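Engineer: coords below, sequence missing:
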């Protein structure tokens, strides 16, 4: 059943791989508790979230409920059910979410926390420079290509959301960190990885999770107690531009 639902999400709804994975994980957790999806009642859905509420934020609850709504809508379309048991379950009210922002001093503290005496440190420093200096999304960072970095012209070309191309200026510190990393960049595991900028020790492109983990480690070493992620650097980049007089519409 999950395979068919996955196919529906990917092919018919055209959702991204990360979104599909999140939906399948949420639905899988629910089916572990209520394996007979055809007979699930609204009361059971409510009970499921009541039991999970202490361990989940309201935002996570809302996301899981959205995943289940989509799953049961699909079952209705497939003729497996006549109704969606989530329809009568109210989504938790979400307050206005403000992502964490690092001060300029905190950004430099994270950058300076990286040990650049080895190749992984030079790589991680370059990653952080691109995240903050160019405001890259983590997916753009992991997919950054050497053919998209124009050092002489001081800009990078990335493919962002919706497969849209973006051209972003690059500051000198970012280019210096990039150049230092290239000098020790590991040998790609195969020709299909030769153009990727950031590689792991196996010569393959970095995963999003590895970037998240690196940032968590460096934040801890820098004494940053805020909950931060790769997106924190993107948001801090935009905030600092606006604070220094950049046009909000341009940012």
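Structural biologist: Good, I have the coordinates. If you're wondering where the values come from, they're calculated on a predicted model, not measured in any experiment.

Engineer: contacting residues for the closest residue to residue 28 other than its chain neighbours?
Structural biologist: Among residues not flanking residue 28 along the chain, residue 2 sits closest, at 6.7 Å (C-beta to C-beta, 6 or more residues apart in numbering). Where you see a C-beta, it was placed from the backbone N, CA and C, and this is true even at glycine. Residue 2 makes contacts with 24, 27-28, 31, as judged by C-beta atoms under 8 Å, 6 or more residues apart in numbering.

Engineer: do residue 128 as well
Structural biologist: Counted by C-beta under 8 Å, 6+ apart, residue 128 has contacts 110-111, 114, 215, 218, 233.

Engineer: for it, phi and psi?
Structural biologist: Per-residue torsions, residue 128: phi -60, psi -40 (degrees, to the nearest 10).

Engineer: against residue 177, how distant is it?
Structural biologist: Separation of residue 128 from residue 177 (C-beta to C-beta, to the nearest Å) stands at 8 Å.

Engineer: circling back: among the contacts of residue 128, which are in helices?
Structural biologist: Of the contacts of residue 128, the ones assigned to helices by DSSP state H are 110-111, 215, 218, 233.

Engineer: let me know the closest of those residues to residue 133.
Structural biologist: Set against residue 133, the nearest of the ones in helices among the contacts of residue 128 by C-beta to C-beta is residue 233 (8.9 Å).

Engineer: the closest one: how many residues sit nearby?
Structural biologist: Counted with other C-beta atoms under 10 Å, the neighbours of residue 233 add up to 27.

Engineer: over to residue 190?
Structural biologist: With other C-beta under 10 Å as criterion, residue 190 counts 9.

Engineer: give the contact list for it.
Structural biologist: Contacts of residue 190 were listed using C-beta under 8 Å, 6+ apart, and they are residue 203.

Engineer: switch the cut-off to 6 Å
Structural biologist: Taking C-beta atoms under 6 Å, 6 or more residues apart in numbering, we find residue 190 in contact with no residue.

Engineer: distance check, it against residue 213.
Structural biologist: Distance of residue 190 to residue 213, given as C-beta to C-beta: 24 Å.

Engineer: returning to that earlier point: could you dump the contacts of residue 128 into a markdown table and include pLDDT?
Structural biologist: Listed next are the contacts of residue 128 as a markdown table, based on pLDDT from 0 to 100:
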| residue | pLDDT |
| --- | --- |
| 110 | 94 |
| 111 | 94 |
| 114 | 96 |
| 215 | 93 |
| 218 | 94 |
| 233 | 89 |
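
Engineer: compare those residues and tell me which has the most neighbours.
Structural biologist: Within the contacts of residue 128, neighbour counts (other C-beta under 10 Å) peak at residue 233, which reaches 27 neighbours.

Engineer: got any ranges where the stretch 101-250 of the chain has weak pLDDT?
Structural biologist: Per-residue confidence for the stretch 101-250 of the chain (pLDDT under 70) gives these ranges: 241-250.

Engineer: one more time with 90, if that's ok
Structural biologist: Residue ranges of the stretch 101-250 of the chain with pLDDT under 90: 101-104, 135, 137, 139, 159-166, 224-250.

Engineer: and the strands in it, which stretches?
Structural biologist: For the stretch 101-250 of the chain, applying DSSP state E, counting those that start in this stretch gives strands covering 149-150, 155-159, 165-169.

Engineer: appreciated, that's everything.
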